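In: Sequence and computational prediction follow.
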Protein chains: 4
Amino acid sequence: MHTAIKYLTEPSLDNPVMVCGLPGIGSVAWLAVNHLQKELKAELFAEVYSPAFSPKVWLTEDGIVKLMKGEFYFWKSADGGPDLLLFSANEQPYSPEGQYELADVVLDLAQRFEVKQVITMGGMATDNFTDHPKVYVGGTDTDLVKEVEAFGAVKLAGGAITGTNGLIFGLAKPRSISAICLLAETPGYLSLDASAAKSALEMSSKLLRIELDYSALEKQARENSDAVHKARDLSRNNLPRDRDLSYVS
Amino acid sequence: MHTAIKYLTEPSLDNPVMVCGLPGIGSVAWLAVNHLQKELKAELFAEVYSPAFSPKVWLTEDGIVKLMKGEFYFWKSADGGPDLLLFSANEQPYSPEGQYELADVVLDLAQRFEVKQVITMGGMATDNFTDHPKVYVGGTDTDLVKEVEAFGAVKLAGGAITGTNGLIFGLAKPRSISAICLLAETPGYLSLDASAAKSALEMSSKLLRIELDYSALEKQARENSDAVHKARDLSRNNLPRDRDLSYVS
Amino acid sequence: MHTAIKYLTEPSLDNPVMVCGLPGIGSVAWLAVNHLQKELKAELFAEVYSPAFSPKVWLTEDGIVKLMKGEFYFWKSADGGPDLLLFSANEQPYSPEGQYELADVVLDLAQRFEVKQVITMGGMATDNFTDHPKVYVGGTDTDLVKEVEAFGAVKLAGGAITGTNGLIFGLAKPRSISAICLLAETPGYLSLDASAAKSALEMSSKLLRIELDYSALEKQARENSDAVHKARDLSRNNLPRDRDLSYVS
Amino acid sequence: MHTAIKYLTEPSLDNPVMVCGLPGIGSVAWLAVNHLQKELKAELFAEVYSPAFSPKVWLTEDGIVKLMKGEFYFWKSADGGPDLLLFSANEQPYSPEGQYELADVVLDLAQRFEVKQVITMGGMATDNFTDHPKVYVGGTDTDLVKEVEAFGAVKLAGGAITGTNGLIFGLAKPRSISAICLLAETPGYLSLDASAAKSALEMSSKLLRIELDYSALEKQARENSDAVHKARDLSRNNLPRDRDLSYVS
């Protein structure tokens, strides 16, 4: 069994931009792509199964089985902006080789649809909690980085990005695909940082020139913020935890 | 060396139902398929060898070597009910990738024989010991789940199923094979829970409309029950253990 | 890079018997095949390299590099007895999958030369040290086991054989190659048990109807025995260790 | 995704010598090849990407993404000496199988360019710090070892070389490529031992009959030496550490 894409339909897209976000620290990228998919009502058109995902299945509340998988959605712009391809998955692959394998298959699909740019997102762990997380940017070339800095992002001057979000970003380069990685500040202790997800997504939407309603993310962010501020008045041992989402690796 | 099926004979079957059970918690599924095979006198027709099984061989009491392997049996119905394919193995594969690989090869065989349904079984760990274990059900679609609920099963509303029994169930879905997973309640401490195996198998036999003699499983279940009830009168440190079957992973 | 055989020459053999022994407990099989190769002056004709061996190289006393590898030797009988193929390696593969892979490649070569029988050897850990280790036998069929029992071996009635020596033995069966496994008693604490190696090799030579000079193994066995008997007069903490051979896994 | 070479240009070379050095103990080989590449202004012509590298990417100070990769450089001799191929990488592969895979791919390239010799380097851990590290030599044949001994190297009489530098050296042999491994003495506690790198590179340059300026390595070596001598006057707990290079595995 190999990592393989199963097409449900084959959309016709005009040099789309691909936006990727797998679960990772604070689930920043996963939340952002998930929100984008829901707000745009982007349509599922392909799934990717892999022996590199963990060997288990999930059940919905209706008792229906779901596999570990990646999902590709598309959205066609009505106003002349770029069409979009979205990619996410319910977890990152199990092994290092599996992470490379998935990133490679995602970029195969990107090339097939002649994407003009790949945007990956993620969280950057910082020590303190903030209601207005900064967004850091890296890119495949200097002009691209400067373009995003002009929108208010901070240049990632050094450091490493681990995991599949980083590999999709990096492996775009030898394929000559323009790529950007946006990392939003997140404290390590939030399992679902809606505030960081909103920051990363706002930066993406500026680049994509799309308008989004962020109210769902904002509601979740306020709840996080209230919980964290309340926690600061209590002892460290009583620090509240986000609701646990076991499908987020 | 790859995971590969070796055919001993090639039976002619009429849209059979496939019943799968690999060793797992309480050996529920393994016991159930083993009992089914013996009661129906189902015939061995194919074996699967894999480098994903553990790197060892076994010897029978006669000194004859046996490999780690999976085995496929068939049974032809005499009364117009569905023909059956049975699958089991003496252990689950060693690695996550190996579990996906085996599940995939099993479903290749299922498609080759145009199975109309796959039933996998397993144990669901619960805190307390009962003589009448409940059976939970998940499926590839809602109608299927409702059909099994009508026979007295409880819907699996959420949660995860790990291992090869779960993967065979889940990977059936993208192949458009109808599949059901039946999990019988089992306390964690029994290595061979005949009572849970009987519950799972009774539910399967209702779906398959076959009559089975359960006396062998019932005898083993009574012995388990006596041992557990006796243990409750003793100190926790003296809790008796089931006889150890080292070929059950 | 794959596990692959490199042929140096291609001998012409008449339905040879293959004798295999990789390093394992007490290095029994490795010592036995090594002794057999030297006594018969069997000729190296093929090597097997594999990414499943550990990622290192060795240097001889002359500073010449040697890879981790397996080696095949042949010996042509002058008196009408069976020709021989010998196989050994300086370690067992690193991973479970690698052990299956190597066993599979060895049996590919066996089939290419139409071997009529495979004999693998090994050590069986026992609690006490003896100057006359028993030899246990398992086989691919009952007649074979009985034939070796007639030479004084004890039937392996149950139990497991782990590692590559066991896999070569077991994987012969689905290829319909007659195979025997001979395990000589060895205490766990000897890294090179020449006495057990001699016992296993004597049993093999009866089956092969060849005469061997065992003086080199006997000398080593006497040294082991003297050391062990001396150790018994001392405290357990002072138990002497065999000289350490780091190339024995 | 497989370990694969991506060619940027295809140089025309005349039976070049290949010099390899991946990061390892004291970063000896990596520093040596890096210095050689800079001094000769050798030109990058090919890159190797592999799923066996760790699953992460790096960012430059300009925010530009860089993958884990190997790099091949070439240099054409102007004075009739041998042309050179240089190989290094920013880390050694993650898994044993990956190390074999990379070594194999590097030697594929070596054969494509018909290299007449491969020189790999490395560090050999010793107990004490010295300003004049000795260089040890191993080879694929006795004449080669003697030739390097004549230049002042010490024969590696036994022992093992682990990792990719050793595998490139060893796997050259079954391909009938002449190969040398040069190991310079290094204490275990230096992460960048410029002094050992200089010793190894001086030995290589004698073999290659090239003149090099070592001032950059010498400066770094003096700093190391000063730091170590200063540390000896302090308590063991205050032992200074080299600046940490996180890209050195």
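Out: That came in fine, so what should we check first?

In: So what's the gap between the helix or strand bottoming out on mean pLDDT in chain A and the chain middle?
Out: Scoring the helices and strands of chain A by mean pLDDT, DSSP states H and E places helix A:215-232 at the bottom, with a mean of 83. Here helix A:215-232 is found 20 Å from its chain centre; the criterion is CA atoms, centre = their mean, to the nearest Å.

In: Output the contacting helices and strands for it.
Out: If contacts are counted by 3 or more CB pairs under 8 Å, 6 or more residues apart in numbering or on different chains; DSSP states H and E, helix A:215-232 sits against helix A:28-40, helix A:194-208. For glycine as for every other residue, the C-beta is placed from the backbone atoms N, C-alpha and C.

In: Out of those, the one nearest chain C is which?
Out: helix A:28-40 (32.2 Å; CB to the nearest CB).

In: Now that closest one: buried residues?
Out: Neighbour-count burial for helix A:28-40, with 16 or more other CB atoms under 10 Å in any protein chain shown as criterion, is recorded at A:28-37, A:39-40.

In: And those residues, which is closest to chain D?
Out: The closest of the buried residues of helix A:28-40, once distances to chain D are taken by CB to the nearest CB, is A:A29, at 14.8 Å.

In: Surely that closest one is in contact with A:L22?
Out: Yes: using CB atoms under 8 Å, A:A29 is in contact with A:L22, at 6.1 Å.

In: So for the two, which residues contact both of them?
Out: Jointly contacting A:A29 and A:L22 under the rule CB atoms under 8 Å, 6 or more residues apart in numbering or on different chains are A:88, A:165.

In: can you count the residues close to A:A157?
Out: Neighbourhood size, A:A157 [other CB atoms under 10 Å in any protein chain shown]: 13.

In: name the element it belongs to?
Out: If you go by DSSP states H and E, A:A157 is not part of any helix or strand.

In: secondary structure class for the closest residue to it other than its chain neighbours?
Out: The shortest distance from A:A157 to any non-neighbouring residue, by CB to CB, 6 or more residues apart in numbering or on different chains, is to D:E61 (4.9 Å). Secondary structure assignment for D:E61 (DSSP: H, G, I helix; E, B strand; the rest coil): coil.

In: quick one: contacts for A:V17?
Out: Neighbours of A:V17 in contact, by CB under 8 Å, 6+ apart: A:82-85, A:115-119, A:207-208.

In: Please identify the buried residues of stretch A:112-126?
Out: Judged by neighbour count using 16+ other CB under 10 Å, the buried positions of stretch A:112-126 are A:113, A:115, A:117-124.

In: Select from these every entry located in strands.
Out: Here DSSP state E is the test, and those give A:117-124 as lying in strands.

In: Verify the contact between A:S199 and A:E185 for me.
Out: Yes: the criterion here is CB under 8 Å, and A:S199 meets it with A:E185 at 7.5 Å.

In: The two - which one has more neighbours?
Out: Neighbours per residue (other CB under 10 Å) separate A:S199 from A:E185, with A:S199 holding more: 28 against 25.

In: And the pLDDT for that one?
Out: A:S199 carries a pLDDT value of 96.

In: List the contacts of A:T60.
Out: A:66, B:157-158 are the contacts of A:T60 under CB under 8 Å, 6+ apart.

In: How much space separates A:N165 from chain B?
Out: Going from A:N165 to chain B by CB to the nearest CB, to the nearest Å gives 21 Å.

In: now do A:E147
Out: A:E147 is 40 Å from chain B, by CB to the nearest CB.

In: Enumerate every residue touching that residue.
Out: A:L207.

In: Could you pull up phi and psi at it?
Out: Here is the backbone geometry of A:E147 (degrees, to the nearest 10): phi -60, psi -40.

In: So, low pLDDT: which residues of chain A?
Out: Across chain A, the ranges flagged by pLDDT under 70 are A:232-249.

In: All the helices of it, in order from the start?
Out: A:28-40, A:96-112, A:142-149, A:164-171, A:194-208, A:215-232 (DSSP state H).

In: Having no further points to raise, I will conclude here.
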